[in-house]
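> need the 3D shape of this:
(one chain, ligands or ions: 1)
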Amino acid sequence: MRTIIINVTVVTMNDQREIHDPGFVMFENDIITAVGDMKDLPDKAGLLHTVTVDGRNGILMPGMVNLHTHMGMVPFRGLGDDCKDRLRVFLLPMEQKTMDEELVYLSTRYGAGEMLLGGVTTALDMYYFEEEAAKAMDEMGMRGITGQTVMDEGACDFAHPREALAYGENLIKKYRSHPRISACIAPHGTNTCGEDLLLEAYRMDSLYKVPFPLHMAEMDYEMDYFRKEYGMTPVRYLDSLHVLGEETLAAHCIHMTEEDLLLFKEKGARVAHCIGSNTKAAKGVAPVSSMLRLAIPVGLGTDGPASGNTLDIFTQMKLCANFHKNETRDRSAFPAETIVAMATIQGAKAMGLHDLTGSLEPGKQADMVLVETHSPNMFPVYNPYSALVYSANPSNVEEVYVAGECLVKGKKLVKSDMDEIRKALSEKMKKTDFGIYMAKMGNIY
Ligand SMILES: [Zn+2]
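Alright, predicted model coming up:
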């Protein structure tokens, strides 16, 4: 089927950063076939058998990329938001007690629905029972990579990391030829995985040419541990194990020395910048201006809903602009175009998916978002980048396409119903006795 979206401001995010205003994008099945100005629209004969969508002066942008998330954690959203340290105090024990395959599946469906409604078309998820996450993302029509989390002490899905590695490898093989979904092994972090586990996970991810995602240089106690135990930073530690390479996709990277940054540059490692999660947890601000100066691929991540709360990238774009401008005391730092690039093509590069997605160009997959400009917060629009970063929010997302399939129309999911998805998740949460468990944990709200 051939479709053309007309009367839109096309923000291509191609290398020349071309904008067509007013412009059009034409795609056949899953592939973009033409992008251009309205004055160059094909004539009537050229548009025979073509479905025409009037974009009504909206902004058509590439689908956004969420580089780091844990969709299975929707049930934990809003818990202990203002607690000093939640991870070891109750998040990990709670996962052990309550998380099962069905909950991961239902939670990931919810997370995928929320992301699509907010204009995220591609995500890298890291969690447990990731076969359920892959199934949910596939059913919802998203593009993404599901990372089976492994850690030394075992988790809610497998008591021993060996079992988690085997499960992850099977998942990688199962989705190897899938058009939208792939899988990888995701070590939880530098200090929750020992040397053997990191080496085995890296070996497997390199073998299958998939990302090697992990949390890194995030926690103060992580930095202290590496200083005391090894006399080096986590980055240098990973490099000493030879697991710092192009596959390495490190989330957070808050505490980076100049030497760490140069190592990242030299080895081609990538960064998932989670500004919302990091600043809410008072952990600090990653040195992203230095990363960009060194041309290290940096994209944006929401982190899980228990950390960053919302799963949309508009929020991250805004926080990214505000915190980094403030950090550098420079109003002109981090211009909106740079931030939209981090949300789209840079995120796709960091995931190794830039040949498929991240920009609107002929030959690429038709992954795109139509942002309407009729709502009060979207008038007037002088510069589409600035409107996307500083004015827009998920409620402005009118239509979303992934691989040419329309998944959101009129601000509603097309293939499924968000209310039903929420009802199913909520019923499962009641069955899991969340309330009883939380009461035992004391006041964590
Ligand atoms: Zn995370």
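> where's the residue nearest to the spatial centre of the chain relative to residue 308, distance?
The centre of the chain sits closest to residue 66, judged by Cα atoms, centre = their mean, with a distance of 1.5 Å. Residue 66 sits 10 Å away from residue 308, taking Cβ to Cβ, to the nearest Å as the criterion. The C-beta positions use only the backbone N, C-alpha and C, and glycine is treated the same way.
> and the helix or strand containing residue 54, what's buried?
With elements taken from DSSP states H and E, the one containing residue 54 is strand 50-62. For strand 50-62, the neighbour count (16 or more other Cβ atoms under 10 Å) marks 53, 55, 58-62 as buried.
> how many other residues sit next to residue 176?
Using other Cβ atoms under 10 Å, the number of residues around residue 176 comes to 12.
> I meant residue 33, not that one.
Residues within reach of residue 33, counting by other Cβ under 10 Å, total 15.
> so it makes contact with residue 362?
Yes: counting by Cβ atoms under 8 Å, a contact exists between residue 33 and residue 362, whose distance comes to 5.8 Å.
> all strands for the stretch 301-445 of the chain, in order.
Counting by DSSP state E, counting those that start in this stretch, the stretch 301-445 of the chain forms strands over residues 368-371, 397-402, 405-409, 412-413, given from the N-terminal end onward.
> just the CA coordinates of stretch 405-417, formatted as CSV?
Extracted as CSV, the C-alpha positions of stretch 405-417 are listed here (Å, rounded to 0.1, in the frame of the first residue of the first chain):
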residue,chain,number,x,y,z
GLU,A,405,1.8,0.8,9.9
CYS,A,406,-0.4,3.5,11.5
LEU,A,407,-0.4,2.7,15.3
VAL,A,408,-1.8,5.9,16.6
LYS,A,409,-4.6,7.9,14.9
GLY,A,410,-6.5,10.8,16.4
LYS,A,411,-4.3,10.5,19.5
LYS,A,412,-5.6,6.9,20.2
LEU,A,413,-4.0,3.5,19.7
VAL,A,414,-5.3,1.9,16.5
LYS,A,415,-4.6,-1.8,17.2
SER,A,416,-5.4,-1.9,20.9
ASP,A,417,-7.2,0.0,23.6
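> give me the residues contacting that stretch.
For stretch 405-417, the surrounding residues in contact (Cβ atoms under 8 Å, 6 or more residues apart in numbering) are 30, 109, 113, 116-117, 139-142, 395, 397-401, 418.
> gap between stretch 235-248 and the chain center?
For stretch 235-248, the gap between its own C-alpha mean and the chain's C-alpha mean amounts to 22 Å (Cα atoms, centre = their mean, to the nearest Å).
> run through this structure and note the low-pLDDT ranges.
433-445 (pLDDT under 70).
> could you chop it up by domain?
2-62+360-413, 64-351 (automatic domain parsing).
> same list (these) but as TSV, adding distance to residue 426.
Putting the domains of the chain into TSV (distance: least, Cβ to Cβ, whole Å) gives the following:
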stretch	distance to residue 426
domain 2-62+360-413	17
domain 64-351	9
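> nearest to residue 429, of these?
Counting by Cβ to Cβ, residue 429 lies closest to domain 64-351 out of the domains of the chain; the figure is 5.2 Å.
> and the closest one, end to end?
Separation of the first and last residues of domain 64-351 by Cα to Cα, to the nearest Å is 12 Å.
> try stretch 276-284
11 Å.
> for it, the distance to its chain's centre please.
Its chain's C-alpha centre lies 17 Å from the corresponding centre of stretch 276-284 when counted by Cα atoms, centre = their mean.
> how about that stretch: buried residues?
276-281, 283.
> same check on stretch 349-365?
349-354, 356-361, 364-365.
> just curious, which of these is nearest to residue 381?
Looking at these and their distance to residue 381, the nearest is residue 360, at 17.8 Å (Cβ to Cβ).
> what's that closest one in contact with, if anything?
With Cβ under 8 Å, 6+ apart as the criterion, the residues that contact residue 360 are 10-14, 25, 32, 35, 60-62, 368.
> which one is it nearest to, not counting chain neighbours?
Taking Cβ to Cβ, 6 or more residues apart in numbering as the measure, residue 360 lies nearest to residue 12, with 4.6 Å between them; neighbours along the chain are not counted.
> what's around the one you found, how many residues?
For residue 12, the count of nearby residues is 24 (other Cβ under 10 Å).
> ok, now how distant is it from residue 21?
Residue 12 sits 11 Å away from residue 21, going by Cβ to Cβ.
> coming back round to it: kindly compare burial across the strands of the stretch 301-445 of the chain and name the winner.
For these, ranked by mean neighbour count under the definition mean count of other Cβ atoms under 10 Å, the leader is strand 368-371 at a mean of 27.
> and that one, which strands flank it?
Each strand that pairs with strand 368-371, with its direction, by DSSP bridges: strand 50-62 (antiparallel), strand 397-402 (antiparallel).
> out of the domains of the chain, nearest to residue 432?
Within those, the stretch nearest residue 432 is domain 64-351; the backing value is 4.9 Å (Cβ to Cβ).
> off-centre distance for that closest one?
Taking Cα atoms, centre = their mean, one finds the center of domain 64-351 at 8 Å from the center of the full chain.
> the chain should start at 9 in everything you say after this.
With 9 as the first residue, the last one maps to domain 72-359.
> ok, now which ones touch residue 63?
By Cβ under 8 Å, 6+ apart, the contact list for residue 63 reads 13-16, 378.
> next: residue 279.
For residue 279, the set of contacting residues under the criterion of Cβ under 8 Å, 6+ apart consists of 257-259, 261, 272, 294, 296, 299, 304-307, 358.
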